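Enquirer: Quick one, structure for this:
(chains A and B)
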Amino acid sequence: DGGITQSPKYLFRKEGQNVTLSCEQNLNHDAMYWYRQDPGQGLRLIYYSQIVNDFQKGDIAEGYSVSREKKESFPLTVTSAQKNPTAFYLCASSPRQGYPTDTQYFGPGTRLTVL
Amino acid sequence: LAKTTQPISMDSYEGQEVNITCSHNNIATNDYITWYQQFPSQGPRFIIQGYKTKVTNEVASLFIPADRKSSTLSLPRVSLSDTAVYYCLAENRDDKIIFGKGTRLHILP
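Expert: Here you go, the predicted structure:
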């Protein structure tokens, strides 16, 4: 069964702690993305990666970090520098690098709440 | 960057045809327009994509006039389950696309 998975579905952390959100895909896609969504708002791009060992900042990268050591995995770390981390985080992948209009396939999301 | 503008929200009734218009004033000749649908607490899902005239699939149609300054997503005979947020995306010159705030469509019985 091909798809994109995110874990955990819900995550609670204390203020000041770093937290890592998992994103895995078995679609053999080159490109992967992380988005943040706040209540009633659209998606904002945090980071994206077109190929293994390479990634670029999106529109709101401050306070976040990523790695892309394997094609199928693109974890996102929310650091203590992120001033307002409580949000719904969505990971996506698309087949080819350099083709932004390729269909993006989204995971189920992780809802992070910082207490 | 190509910017899109869509209505914040729309209401319609079951069985009606719904048309959501998206304005995109500065897209290039072969730039694609893509629409996604998002239900609450889920990731968006691809609906349809095109760059000229009309494209139709099993769930929607996409109309793009000759001047390409706007496009219209058409949902035939909507049902309650079509209540969702609909995003219009325009291609950009770099390697990313931009999701705006979308149109919140509410289908009434």
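Enquirer: List the beta-bridge partners for the spatially closest residue to A:Tyr99 that is not a sequence neighbour.
Expert: With sequence-adjacent residues excluded and distances taken as CB to CB, 6 or more residues apart in numbering or on different chains, A:Tyr99 is closest to A:Ala31, at 7.8 Å. No exception for glycine: its C-beta is placed from N, CA and C like everyone else's. Beta-bridge partners recorded for A:Ala31 (DSSP bridges): A:Ser94.
Enquirer: B:Ser74 versus A:Ala31, what's the distance?
Expert: As judged by CB to CB, to the nearest Å, A:Ala31 and B:Ser74 stand 29 Å apart.
Enquirer: quick one, which of the two is more surrounded?
Expert: A:Ala31 (22 against 16; other CB atoms under 10 Å in any protein chain shown).
Enquirer: For B:His106, see how far away that one is.
Expert: The value you get for A:Ala31 to B:His106, if CB to CB is used, is 33 Å.
Enquirer: Equivalent analysis for A:Phe88, please.
Expert: 20 Å.
Enquirer: neighbour-wise, which of the two wins?
Expert: A:Phe88 (19 against 12).
Enquirer: Can you list the buried residues in stretch B:14-26?
Expert: Neighbour-count burial for stretch B:14-26 flags B:Val18, B:Ile20, B:Thr21, B:Cys22, B:His24 (criterion: 16 or more other CB atoms under 10 Å in any protein chain shown).
Enquirer: Just list the residues touching the residue of chain A found nearest chain B, thanks.
Expert: Residue nearest to chain B within chain A (CB to the nearest CB): A:Phe106, separated by 2.5 Å. A:Phe106 is in contact with A:Ile4, A:Leu90, A:Cys91, A:Ala92, B:Gln42, B:Gly43, B:Pro44, B:Arg45, counting by CB atoms under 8 Å, 6 or more residues apart in numbering or on different chains.
Enquirer: how does it look with 7 Å?
Expert: A:Ile4, A:Leu90, A:Ala92, B:Gly43, B:Pro44 (CB atoms under 7 Å, 6 or more residues apart in numbering or on different chains).
Enquirer: Setting aside sequence neighbours, what's the nearest residue to it?
Expert: Nearest one to A:Phe106, counting by CB to CB, 6+ apart, is B:Gly43 at 2.5 Å.
Enquirer: three-state assignment of the one you found?
Expert: Under DSSP: H, G, I helix; E, B strand; the rest coil, B:Gly43 falls in the coil class.
Enquirer: Do me a favour and get the backbone dihedrals for it.
Expert: phi -80, psi 160 (degrees, to the nearest 10).
Enquirer: thinking it is in contact with A:Leu90, fair?
Expert: Yes - when contacts are counted by CB atoms under 7 Å, B:Gly43 is listed as touching A:Leu90 (4.9 Å).
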